[in-house]
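In: A structural model of the following input is requested.
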Amino acid sequence: MEDKPRYSRTTDIMELLILMQSRVQGVTLNDIQKEFNVSRRTAERMRDSLIYAVPQIEEIENFKSREKHWGFPNGYMKEFINFTAQEVANLENLKKFQLSQGYDDKVKILEQTINKIRVLNRKKLPQFDNAIEIIMQTEGFVIHQTPRYKFDLSMLETIREAMAQNKKISAKYNNKNKIIAPFGLIYGSKVYLTGVEEDKGTIPYCYLLHKFSDIKLTQDSFDKGNFNLDEFSKKSFGVYQGECFNVKLLFSKNVAQDVLNYHFHSTQKIKRNEDGTVTVKFKASGDKEILWHLFKWGEDVKILSPSKLKKEYIQMLEDALSNQKEK
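Out: Numbers count the residues shown, from 1 in each chain. Sure thing, here's the model as predicted:
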């Protein structure tokens, strides 16, 4: 593995210093290799150079790992921590994107974070703000057409408190009274609360957050067992869970390059065929969301399997065509 050019070495050493301070257990040589994409020997030189320059760095005992760790067991060196205009501009762009998606709660948190960073850069604030403004004028996001549903942010506070304490909530959902054990929040084109409704089994369901009202914290506890929100989310193509399909798609060579660089699902397997077409396979639930997504590829995609999904797609296309014809 080739080393990076020498001009980047000082920057890497400073980044390694920050990385060591960000981890209570310090970093290993493997960590340095992965983070900076360098060889083992270069990782050793980086570690040794930093230890020589900063004697406060110590070897940290880690009983869970056989690897040696280095870091700051007795504190940190905050004078080496600094924020760049590019980093803050990235947060500002993220705030704009979240605002466009209707994630008002996330926007509020980001605003608070940015203000705290501005306080730390108070001495050079005018120059700092100018640099951020220049970056913001030259970078942006494509606007996506997505629905924006408003909901009371105080609801999120109650839900998060319930999740932290493993307490159920009482609420109205579509004007119907419900008792729900809240497991997590999923952000997509809409915001969903994932949880299990009382007296309706143990299978989690996704509820649209904007359809809730009158949410209150109860004193009833719940145990979500080994539920993992990340794993739960990966099972579906979108949000809704249901029958799982082993999907096999064939894309024409007209869109081959786009497909090869596209993320359909975490389980996807993509293969370019000799004739230039591309075969995509993945396993997921959420048939309606799969079909809605395929619609955007038009005549350049064909469902090879399963036959049930193909029949649903043909019916959806026929319904759409029928709706466009004059009556």
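In: Is A85 in contact with F128, as I believe?
Out: Yes. A85 lies in contact with F128 (Cβ atoms under 8 Å); the separation is 6.0 Å. Quick note: C-beta positions are derived from backbone N, CA and C, even for glycine.
In: Look up how far Y187 lies from S285.
Out: According to Cβ to Cβ, to the nearest Å, S285 stands 19 Å off from Y187.
In: quick one, helices of the stretch 51-200 of the chain?
Out: For the stretch 51-200 of the chain, helices defined by DSSP state H, counting those that start in this stretch occupy the ranges 85-101, 104-120, 125-138, 153-165.
In: which one of the ones you listed lies closest to K271?
Out: Shortest separation from K271 across those is recorded for helix 85-101, at 32.5 Å, computed as Cβ to Cβ.
In: any idea of the mean pLDDT for that closest one?
Out: The predicted model gives helix 85-101 an average pLDDT of 81.
In: Now T218: which helix or strand?
Out: If you go by DSSP states H and E, T218 is part of strand 212-221.
In: Mind listing what's buried along the next helix or strand after that strand?
Out: Using DSSP H and E, the helix or strand that follows strand 212-221 towards the C-terminus is helix 229-234. Along helix 229-234, the positions that meet the burial threshold by neighbour count (16 or more other Cβ atoms under 10 Å) are F232, S233.
In: now do stretch 106-113
Out: K106, V107, L110.
In: Now flag whichever of the residues you listed is closest to R40.
Out: L110 (38.2 Å).
In: Once you drop chain neighbours, what's closest to the closest one?
Out: Of all residues beyond its chain neighbours, the one nearest L110 is K95 (4.5 Å), with distances taken as Cβ to Cβ, 6 or more residues apart in numbering.
In: In contact with that neighbour, which residues?
Out: Neighbour list for K95: V107, L110, E111, I114 [criterion: Cβ atoms under 8 Å, 6 or more residues apart in numbering].
In: Using a markdown table, please lay out those residues together with pLDDT and distance to A43.
Out: A markdown table is the format used below for the contacts of K95 (pLDDT from 0 to 100; distance: Cβ to Cβ, whole Å):
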| residue | pLDDT | distance to A43 |
| --- | --- | --- |
| V107 | 84 | 39 |
| L110 | 87 | 34 |
| E111 | 88 | 38 |
| I114 | 85 | 34 |
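In: Can you pull out the low-pLDDT segments for the protein?
Out: Low-confidence segments of the chain, defined by pLDDT under 70: 1-8, 63, 75-81, 122-123, 125, 137-149, 189, 236-242, 326-327.
In: Swap in 50 and give it another go.
Out: For the chain, residues meeting the criterion pLDDT under 50 lie at 1-7.
In: OK, contacts around F227?
Out: Taking Cβ under 8 Å, 6+ apart as the criterion, F227 is in contact with F183, P204.
In: E318 versus that one, what's the distance?
Out: Counting by Cβ to Cβ, the separation of F227 from E318 is 39 Å.
In: Also R47?
Out: 64 Å.
In: How about T10?
Out: The spacing between T10 and E318, counted by Cβ to Cβ, is 64 Å.
In: so S65 makes contact with T28?
Out: Yes. At 7.5 Å, S65 counts as touching T28 under the criterion of Cβ under 8 Å.
In: wait, what's in contact with the residue most central in space within the chain?
Out: The centroid of the chain falls nearest to Y187 when counting by Cα atoms, centre = their mean (8.9 Å). Shown here is Y187, whose contacts under the criterion Cβ under 8 Å, 6+ apart are Q101, Y103, K106.
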